[in-house]
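Q: let's see this in three dimensions:
(one chain, ligands or ions: 3)
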Amino acid sequence: MIANDVKDILISREELAEKCKELGAKISKDYEGKELVLVGILKGSVVFMTDLMKEITIPCNIEFMEVSSYGSGAESSGVVKIIKDLDEDVTGKHILIVEDIIDTGLTLSYLVEYLKARKAAGTDIVCLLNKKERRVRDIPVTYVGFEVPDEFIIGYGIDYAEKYRNLPYVASLKDEVYKK
Ligand code: PRP
Ligand code: MN
Ligand code: MG
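A: Numbers count the residues shown, from 1 in each chain. Ligands and ions are numbered 1, 2, ... in the order given. Take a look at the predicted model:
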């Protein structure tokens, strides 16, 4: 059972559902009358993306990008490789990047820079979880769901070594699982 590796449940499925409703309502109001494109960043954002989009009541397109950090070192270099790019032309449209968690901020700061060349009307970010203590690159996040402590976070799309993405809540991982 993957739940055996959970240290603490930090955010319950009810709280996550409530937050998606709240963010969906705000986004629907803020982008009313605009051409909105939700861009989910694979793989971590899939669960949040699917729950959030159901709470958005205005027309929107969805896209996915997949990125990976260059190099094999444990620390991210801040240069990310685009594995899957956008399919549609976003010229004049409003991009809203949908992310699960911001840690150092390196992934998102690279992506925002990269997407500037696409001549979108704007590039905003909705991020479910914010781990502030680890930030090395300051990035303006338009909507944040929850602040999380500097723990190993898993669940609701977020993995450790590709596992635990299917937990229906956000949790911390027991130290002995990743420190052995
Ligand atoms: C994780 C997470 C964010 C990124 C945050 O993705 O989903 O995308 O790291 O880290 P940063 O702020 O330090 O850049 P990961 O690269 O593990 O890929 P995944 O989404 O496929 O798990
Ligand atoms: Mn990710
Ligand atoms: Mg990961």
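Q: low-confidence ranges in this protein?
A: 70-77 (pLDDT under 70).
Q: which positions in it make contact with ligand 1?
A: Contacts of the chain with ligand 1, taken as Cβ under 6 Å from any ligand atom, map to 41-44, 76, 99-107, 159. C-betas here are computed from N, CA, C, even on glycine.
Q: can you say which of the residues you listed are buried?
A: 41, 44, 76, 99-107, 159 (16 or more other Cβ atoms under 10 Å).
Q: looking at the residues you listed, which is nearest D5?
A: D159 (12.0 Å; Cβ to Cβ).
Q: elements contacting the biggest helix by length in the chain?
A: Longest helix in the chain, counting residues (DSSP state H): helix 13-30. Helix 13-30 sits against helix 46-53, strand 122-130, strand 143-147, with contacts defined as 3 or more Cβ pairs under 8 Å, 6 or more residues apart in numbering; DSSP states H and E.
Q: any chance of the ones you listed in CSV, plus mean neighbour count?
A: Listed next are these as CSV, based on neighbours: other Cβ atoms under 10 Å:
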stretch, mean neighbour count
helix 46-53, 20
strand 122-130, 21
strand 143-147, 16
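Q: just the helices from this structure, written as ranges.
A: 13-30, 46-53, 106-116, 175-178.
Q: pick the most deeply packed of those helices.
A: Comparing the helices of the chain by mean neighbour count (mean count of other Cβ atoms under 10 Å), helix 46-53 ranks first with a mean of 20.
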